[in-house]
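In: Next comes the sequence, and after it the predicted model I'd like to discuss.
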There are 4 protein chains.
Amino acid sequence: MIRFECDYTTGAHPKILEALVNSNSEACPGYGMDAHCENARAMLQELCQAPDAGVHFLVGGTQANTTVIAAALRPHQGVLCADTGHINVHETGAIEATGHKVLDLPAVEGKISAKQIDRYCQDHYADPAWEHTVQPGMIYLSLPTELGTVYSLAELEEISAAARRWKLPLFVDGARLACGLAASDVTLPDLGRLCDVFYLGGTKAGLLFGEAVVITNPNIDHDFRYLIKQHGGMLAKGRLLGAQFEAFLTDKLFLEIGRREVAQAMRLRAAFEEKGWPLFVDSPTNQQFPILPNETMAALEDKYSFEVWTKVDADHTAVRFCTSWSTTDEDVDALIADIQRL
Amino acid sequence: MIRFECDYTTGAHPKILEALVNSNSEACPGYGMDAHCENARAMLQELCQAPDAGVHFLVGGTQANTTVIAAALRPHQGVLCADTGHINVHETGAIEATGHKVLDLPAVEGKISAKQIDRYCQDHYADPAWEHTVQPGMIYLSLPTELGTVYSLAELEEISAAARRWKLPLFVDGARLACGLAASDVTLPDLGRLCDVFYLGGTKAGLLFGEAVVITNPNIDHDFRYLIKQHGGMLAKGRLLGAQFEAFLTDKLFLEIGRREVAQAMRLRAAFEEKGWPLFVDSPTNQQFPILPNETMAALEDKYSFEVWTKVDADHTAVRFCTSWSTTDEDVDALIADIQRL
Amino acid sequence: MIRFECDYTTGAHPKILEALVNSNSEACPGYGMDAHCENARAMLQELCQAPDAGVHFLVGGTQANTTVIAAALRPHQGVLCADTGHINVHETGAIEATGHKVLDLPAVEGKISAKQIDRYCQDHYADPAWEHTVQPGMIYLSLPTELGTVYSLAELEEISAAARRWKLPLFVDGARLACGLAASDVTLPDLGRLCDVFYLGGTKAGLLFGEAVVITNPNIDHDFRYLIKQHGGMLAKGRLLGAQFEAFLTDKLFLEIGRREVAQAMRLRAAFEEKGWPLFVDSPTNQQFPILPNETMAALEDKYSFEVWTKVDADHTAVRFCTSWSTTDEDVDALIADIQRL
Amino acid sequence: MIRFECDYTTGAHPKILEALVNSNSEACPGYGMDAHCENARAMLQELCQAPDAGVHFLVGGTQANTTVIAAALRPHQGVLCADTGHINVHETGAIEATGHKVLDLPAVEGKISAKQIDRYCQDHYADPAWEHTVQPGMIYLSLPTELGTVYSLAELEEISAAARRWKLPLFVDGARLACGLAASDVTLPDLGRLCDVFYLGGTKAGLLFGEAVVITNPNIDHDFRYLIKQHGGMLAKGRLLGAQFEAFLTDKLFLEIGRREVAQAMRLRAAFEEKGWPLFVDSPTNQQFPILPNETMAALEDKYSFEVWTKVDADHTAVRFCTSWSTTDEDVDALIADIQRL
């Protein structure tokens, strides 16, 4: 079985694993106060050109999303989000469990726009009984989105301007940011400049686990470690996160991994298009969503794992193929050959 | 610096690390549905003689405590707990953040008794306006406790009987259970039989991270994976937990590690007693709490790390020395020699 | 100014006020344990033909909704609801504040169907990663809906059957149930038989305040008074609720009030239709939603208060006129005359 | 049966009831935006010499406590409180249900001190791992306390200074403030000056219901109406609160009622002392706690209702007698005569 079902099927990239093994016998203070974390923090501040940003290493994405949003909102506020957004769909109500409504906006290919944000806020404050409805208190984006699409720098700048117009912190979920940086014109300094908080995801880019949260808004960063602990996100052996991120940031390994994932996905995409399979969404990153005839889908399932996304009609199904840090050229070659043969 | 400040200063025990490295390139399904997790689950069910128990692997203790308690309680219920209990003191209000009051009972050397539970429940239901107060809904113990003490099997049986008398699920926090099993007459099958839910901690016994939650009460186990996900505890690469626990359970490595930690702690304890330093609490496990003259404490701080526990009087301080899986005989020898020399 | 903006602009119906004044100097036990509450409870059990139902009197609708839903759901569950439902739109995220997601379904004229419930549940359990999404745990309807429409008995029976098929408690918000009973073929015994919990609203039918929650499902009723207290809903002078509901239930005053509100609304509706104003929604109850030319709307605003509902196009606006227990025939006559004159 | 069990056994003081009856047929806007509320707001601002304070009328005390505390705290913060405080003991965990721990301090006769607050905060920030514990985020006092005792102006000034030293908002629960003002040297302007938020309770001083929350700290007042709505505390017919408070504040009726309750309680107290019954606590307000021989207690129970407070020894019990707005001189005379006769 060659696995394209997601980007977290295998363990760690060799350089990450090596960093963990090499530091294994060091005795360090716990809870992210060790030298590896300190070093990785400084590296990320520099890469983002945000020397005063708070940098916090968390184990997973749901934890990062929940902790950041809880830190930013007052109880009567909700978070604006694409209706397809991860926090709205795939976190078992983790945001609501902290007391906040997800205010979902209809997304186009996974994305929302500055115009939608403006209209939502205008409507909210135009209602004379506004206090009977949830106040928009934050904006949540994913880059790339759940559908693999990316915001351009121009789009992100517009959204950031809308966020500041309405005094709403802007939060970018970067669970797959390594691919996002590889496939868009957005850079880490752009994110540091335009967001209040974002994260660079490791789990889906070759770490065992780990998301690096960068907070440039001091109101959100204030006392943030209390919130990490309260949400069960303060890893006792925090050095595991520090050591992995040191390796991940060194020589921009994250970008190398992201570029490689994207390049392999583009080879798959070309094969899908050549075969005449339409794409469910126009994704420039490591997730590709071809629409397959159902019998073709069945034929591929014996040898390849992939995710069934949605039925398009009685005879066709959109599926998701993901490349990852560990996808080999041979894996891609094999799939392309089988596609051509079908 | 020789570190005795806690039992999570170093990485993983060699056998654990080996298991991780060896399985690194395997491609597995995510979220704990892989073969390593399945195998570790079956091993633990057998060790506990609880073939129908739910077994769930979580990353850390606060997460385990919060998720289990949230799964067990209705909104108006609280959890009975020693006032020194971890959930009452050291989790930044994580339990309250899920809506539940911690009902603290005055502990003796970290422990509570069946009698205290009985009295609390009698008093609650004797109040004609009982619905104005939080209903006791669960019992939380730690084995060992925060102070290193252990419940005997007889004590645990009494508490379990009280729990069943009042229809309260009994939950045992086993963050340091490896030492607890090594230093008490309680066994894994006893825990499977007497508790509704407990966990075997890995983080403080030589894993990179990981706690294995065993749930014998089907009402708590029902839909438990939803709660794990909601609390941000569902590790994408769940195989990391499965592979570590396979190694940890094989040939009862956990017990070997626990026994070794305890044996080294007993050597330290003998040295403290020989020196005439009283013990703050009578702990049979890997945490030892000698009361030192302040100048002695200062003299040791250059070479050894340990935790300041509490001031006993103007001239004396109780401190905590912890042994861990990576504490060497040489570490212990050095400290004993320095104690004798002082 | 003649007020049609809502059904809670005036105080209490004379018979309700009389009951309050007459009982004012009685000394009663607090918190709903008095003889008035006991009597009103028994009257409602009999009217519903539900002798074992729990009956609880709460001050307001948001409180009733929040307390009932919190009592029924486990943490990972959400409540299915029309997207126009009160809990989804007009309670400032009160449900989310107790940790639960509102799972909104696209409504038609404020209503949802058994088919929608079936499909939602089928889709949920068809997803192999269902634990990553919120589990449907309850169904919430309003009768009448936010748009004044009603469920027929046949529709309610279908929904109740779907609820039982999926083991989901069915909850009917009856903030305007007095009108709902007057305008549909559903009766109180039907609600007692088909729902797990519902309430008969007093605030919008001539009480100073008060909603009578009827719970036929013992799992939800169990310990319900704890939840009332926790949500701040246990009125110290609970006798105020008991005395009002005694008067409200005596000789079915609630039905008399509901019928009168509906009859006056039907006179307004006939005038709108005669004038050629389309109706935004086909409501048989005390809320009517004509679509007015904007200049007509402006002309009416000097003399009448009503609520702007939504802009239909550049020149037309849907507005809401509400009749209430205190709407007089003269109020209605005046408005009709002005409509005809316009 | 002559009732001394609590101060909310009867309905409303005649002047309050008259105000409700007189305004019953007025048609007003809902949700506290009516002229009665506006007028009562202005009256209270003037009485407190706090022209910019937010004033909000809520139905009950638990609701007021929960809403204020939720508005003031971030998620990782708790509220400092006497261990006997109402929010710690008698609100079914309502504060915890909003996610916050009650940080209880050992009280003396129901009171806490500035020194205790200082020490708690010093200890919190002295702990190098402070983020593992709940951060103190607010101070909650009751005036009078649960035990009827009062803070002097000097004590309140010291506590206010400590609160400002640690940047903690000070919140005074004034459920029985009418008696507190009658029995201490604290005035409404003092409360306006020294607290961030407090309330003047109506329920226990002759209103049907209602607590007037005064917020001088704009950070807490900001968006407060959203929080009222979210907590189910926004009464549809808010005019009921406005009209009652207009009457309550006119000519300082609240003070007249408070003084009368206290005067009658002092007559009872003198009778207890003359009889040689010790007092469980030295209360200068309308709650008196004599310690009775058990047979005497039994003898009184036929004719008088009172609350059993706590067993003092095998033969004696502390009980609570409460006077209220509706306690007559004849009620007091009868009880005194029976005490003398016993």
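Out: In hand now; what should we look at?
In: buried sites along stretch A:149-160?
Out: The neighbour-count check on stretch A:149-160 (16 or more other C-beta atoms under 10 Å in any protein chain shown) flags A:149-151, A:155-160 as buried. Every residue, glycine included, has its C-beta placed from N, CA and C.
In: need those residues in TSV with distance to chain D and secondary structure, can you?
Out: Output for the buried residues of stretch A:149-160, formatted as TSV (distance: C-beta to the nearest C-beta, whole Å; DSSP: H, G, I helix; E, B strand; the rest coil):
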residue	distance to chain D	secondary structure
A:Thr149	32	coil
A:Val150	32	coil
A:Tyr151	29	coil
A:Glu155	30	helix
A:Leu156	28	helix
A:Glu157	29	helix
A:Glu158	27	helix
A:Ile159	24	helix
A:Ser160	24	helix
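In: Nearest to chain C among those?
Out: A:Thr149 (20.9 Å; C-beta to the nearest C-beta).
In: list the contacts for the closest one?
Out: A:109-111, A:281-285 (C-beta atoms under 8 Å, 6 or more residues apart in numbering or on different chains).
In: what's the answer for A:Phe289, then?
Out: A:147-148, A:279-281, A:283, A:309, A:318-321.
In: likewise A:Gly210?
Out: A:Gly210 is in contact with A:57-59, A:202-203, A:240-241, A:244-245, counting by C-beta under 8 Å, 6+ apart.
In: which stretches of the stretch 1-150 of chain A form helices?
Out: In the stretch 1-150 of chain A, the segments counted as helices under DSSP state H, counting those that start in this stretch are A:14-22, A:35-47, A:61-72, A:86-89, A:94-97, A:114-126.
In: Could you point out which of those sits nearest chain D?
Out: Among the helices of the stretch 1-150 of chain A, helix A:61-72 sits nearest to chain D (C-beta to the nearest C-beta), with 5.2 Å.
In: Could you give the average pLDDT over that closest one?
Out: The pLDDT scores in helix A:61-72 average 98.
In: Next, the angle helix B:61-72 makes with it.
Out: With axes from the mean of the first three to the mean of the last three C-alpha atoms, to 10 degrees applied, the angle from helix A:61-72 to helix B:61-72 works out at 90 degrees.
In: Under the pLDDT cut-off, which ranges of chain A? List them.
Out: Applying pLDDT under 70 to chain A flags no residue at all.
In: Kindly report the domain assignment for it.
Out: For chain A, the structural domains run A:2-6+A:254-341, A:14-251, going by automatic domain parsing.
In: Of the ones you listed, flag the one that's most buried.
Out: Of all the domains of chain A, domain A:14-251 carries the top mean neighbour count, a mean of 22, counting by mean count of other C-beta atoms under 10 Å in any protein chain shown.
In: Just give me how far it sits from the chain centre.
Out: 8 Å (C-alpha atoms, centre = their mean, to the nearest Å).
In: For that domain, measure first residue to last.
Out: This stretch, domain A:14-251, spans 15 Å end to end (C-alpha to C-alpha, to the nearest Å).
In: and the residue nearest to the spatial centre of chain A, what helix or strand is that in?
Out: When C-alpha atoms, centre = their mean is applied to chain A, the residue found nearest the centroid is A:Ala175 (2.3 Å). When secondary structure is defined by DSSP states H and E, A:Ala175 falls outside every helix and strand.
In: doesn't A:Thr145 make contact with it?
Out: No - counting by C-beta atoms under 8 Å, A:Ala175 stays clear of A:Thr145, with 10.4 Å between them.
In: Tell me who's in contact with the closest residue to the residue nearest to the centre of chain A other than its chain neighbours.
Out: Spatial nearest neighbour of A:Ala175, excluding adjacent residues (C-beta to C-beta, 6 or more residues apart in numbering or on different chains): A:Gly201 at 4.0 Å. Counting by C-beta under 8 Å, 6+ apart, A:Gly201 makes contact with A:61, A:174-178, A:211.
In: Do a quick rundown of the strands in the stretch 101-250 of chain A.
Out: If DSSP state E, counting those that start in this stretch is used as the criterion, the strands of the stretch 101-250 of chain A fall at A:102-105, A:135-142, A:170-173, A:197-201, A:211-215.
In: For D:Ala271, which of these is the nearest?
Out: Nearest of these to D:Ala271, taken as C-beta to C-beta: strand A:135-142 at 55.6 Å.
In: if I pick A:Asp196, what's in contact with it?
Out: Counting by C-beta under 8 Å, 6+ apart, A:Asp196 has contacts A:72, A:163, A:169-171, A:215-217, A:220.
In: Out of those residues, which comes closest to A:Pro14?
Out: Of those, the one sitting nearest to A:Pro14 (C-beta to C-beta) turns out to be A:Ile215, at 30.8 Å.
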